[in-house]
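1. A structural model of the following input is requested.
(one chain, ligands or ions: 2)
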Amino acid sequence: MGRDRLFENAHKLIRKYRVTGGGKFHLRDFDPGDTGGLTAADKPRAQQALQSGIQALVRLQDMLYAHDRWALLAIFQAMDAAGKDSAIKHVMSGINPQGCQVASFKAPSPQELDHDYLWRCQRELPQRGRIGIFNRSYYEEVLVVRVHAGLLANEKLAPSLIDDDIWEQRYEDIRCFERHLHRNGTIVRKFFLYVSRAEQKRRFLDRLEDPAKHWKFSAADLAERALWKQYMSAYEEMIRATATEKAPWYVIPADHKWFTRIVVAAAVVEALDSLELSYPKLTKAQRAELAKLKRGLMAEK
Ligand code: ATP
Ligand code: MG
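-> Ligands and ions are numbered 1, 2, ... in the order given. Sure, this is the predicted structure:
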């Protein structure tokens, strides 16, 4: 389908960032600054490649919609300023808004806390034929909630339900939930945009210096940054426990946004490609009926 060569290479490259479980996963094996061998000089070509990836995505999404059997759920998790919003914006640009929905999950409301933690996410799952994007997700339940012990206490769980192995239990429930989704036609892809601590600092300073970006900065972001180590070990354990063949994690280098976007686009295209989508085919009788209707329309005075 005439895809750019560099994009095709990105397609091959994404395997390097895919985690499907099994072996031991270590964050230290990944480099936030990685650009897959491309240099800054390749940036314009990479931008072109991204455009070709986006075109492929638009075509596939159209087919996903027409085919109406599968849904794709893309989950984004990251530290602040890793570029979740901009990756979502760029990769999904050009997509028919009717076939795509984005849900952002913030600290749960009192109503949400009156339900189990999957409830609010289930309400936002994409229907068949659509792409659903979760900007943060139920994975916060083993990240921010794990790093801040007080949050768990706030979840209205009876003390007898808070076992020592509560995180293991949550991993297990999440694995089962995602298996259930897969078995029922929603394919799940999870993206951890892996930014380095140094690059986050640069981006925060940029937000503080540029008046147009002030709104993006929140003092709370610095409090989370101070817990970097705890977050990284929570991410590492989470990915180790919840990466599966059917619902893989992608650990995407996020220090260079142009590279992040191309890898995310390639992974989404690959996920849709794997579904072997096709436009619904008409039977001979249906085609004959259409031909008859066409003749009738043409004969109209
Ligand atoms: P932005 O790029 O605009 O900062 P964001 O995704 O960081 O986007 P915020 O409004 O800053 O959005 O923050 C959402 C906050 O909600 C995050 O700090 C996240 O950890 C927190 N959060 C999300 N889910 C939960 C949860 N289940 N329990 C507690 N906190 C949560
Ligand atoms: Mg934030």
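
2. am I right that Q200 falls within a helix?
-> Yes - assigned with DSSP: H, G, I helix; E, B strand; the rest coil, Q200 falls within a helix.

3. quick one: it and M232, what's the gap?
-> Separation of Q200 from M232 (Cβ to Cβ, to the nearest Å) stands at 12 Å. C-beta here means a position set from N, CA and C on the backbone, and glycine is covered the same way.

4. can you check P211 too?
-> Distance of P211 to M232, computed by Cβ to Cβ: 32 Å.

5. and the helices in this structure?
-> In the chain, the helices defined using DSSP state H lie at 5-13, 43-67, 84-91, 110-113, 119-122, 144-147, 149-153, 166-183, 197-209, 219-225, 228-242, 257-273, 284-299.

6. looking at these, which one is packed in the most?
-> helix 257-273 (a mean of 23; mean count of other Cβ atoms under 10 Å).

7. packing partners of it?
-> helix 5-13, helix 43-67, strand 71-78, helix 84-91, strand 186-194, strand 249-253 (3 or more Cβ pairs under 8 Å, 6 or more residues apart in numbering; DSSP states H and E).

8. what sits against D4?
-> Shown in contact with D4 (Cβ atoms under 8 Å, 6 or more residues apart in numbering): Q48, A49, Q51, S52, G53.

9. about what we covered before: the helices of the chain: which one's closest to R136?
-> Closest of these to R136 is helix 84-91, at 7.9 Å (criterion: Cβ to Cβ).

10. tell me the pLDDT at Q286?
-> Q286 is assigned a pLDDT of 95 by the prediction.

11. with mean pLDDT and distance to ligand 1 added, can I get the helices and strands packed on helix 257-273 in CSV?
-> Listed next are the helices and strands packed on helix 257-273 as CSV, based on pLDDT from 0 to 100; distance: least, Cβ to the nearest ligand atom, whole Å:
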stretch, mean pLDDT, distance to ligand 1
helix 5-13, 77, 25
helix 43-67, 92, 21
strand 71-78, 98, 9
helix 84-91, 94, 5
strand 186-194, 98, 11
strand 249-253, 98, 16
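
12. which residues of this protein score low on pLDDT?
-> For the chain, the stretches with pLDDT under 70 are 1-2.

13. up against ligand 1, what does it have?
-> 80, 85, 104-108, 135-136, 140-141, 144-145, 151, 218 (Cβ under 6 Å from any ligand atom).

14. now with 5 Å, please.
-> Those residues of the chain that sit near ligand 1, judged by Cβ under 5 Å from any ligand atom, are F105, K106, A107, E140, V144.

15. got phi/psi on the third one?
-> Summarising the backbone geometry of A107 under the convention degrees, to the nearest 10, its torsions are phi -60, psi 140.

16. what about it, how many neighbours?
-> 11 (other Cβ atoms under 10 Å).

17. that one and I131: what is the separation?
-> Distance from A107 to I131, by Cβ to Cβ: 26 Å.

18. go on, the last one?
-> Taking Cβ to Cβ as the measure, V144 and I131 are separated by 25 Å.

19. do the same with the fourth one
-> In this structure, E140 and I131 are separated by 21 Å, where distance is defined by Cβ to Cβ.

20. of the two, which one has the most company?
-> Neighbours were counted for E140 and for I131 using other Cβ under 10 Å; I131 has more, 24 against 18.

21. correct me if wrong: the more buried one contacts C100.
-> Yes - I131 lies in contact with C100 (Cβ atoms under 8 Å); the separation is 4.8 Å.

22. contact partners for the residue lying closest to P32 once chain neighbours are set aside?
-> Residue nearest to P32 in three dimensions, not counting chain neighbours: S196, with 4.0 Å by Cβ to Cβ, 6 or more residues apart in numbering. Contacts for S196 (Cβ under 8 Å, 6+ apart) come out as P32, G33, D255.

23. could you dump the residues you listed to a markdown table with neighbour count and distance to L113?
-> Below are these laid out as a markdown table (neighbours: other Cβ atoms under 10 Å; distance: Cβ to Cβ, whole Å):
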| residue | neighbour count | distance to L113 |
| --- | --- | --- |
| P32 | 21 | 34 |
| G33 | 14 | 39 |
| D255 | 22 | 36 |
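
24. mind checking which of those land in strands?
-> If you go by DSSP state E, the contacts of S196 have nothing in strands.

25. quick check, nearest of the residues you listed to R183?
-> For the contacts of S196, the nearest to R183 is P32 (34.2 Å; Cβ to Cβ).

26. ok so, going back, put together CSV for the contacts of S196, with distance to F177 on each row.
-> As requested, the contacts of S196 are arranged in CSV below (distance: Cβ to Cβ, whole Å):
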residue, distance to F177
P32, 29
G33, 33
D255, 31
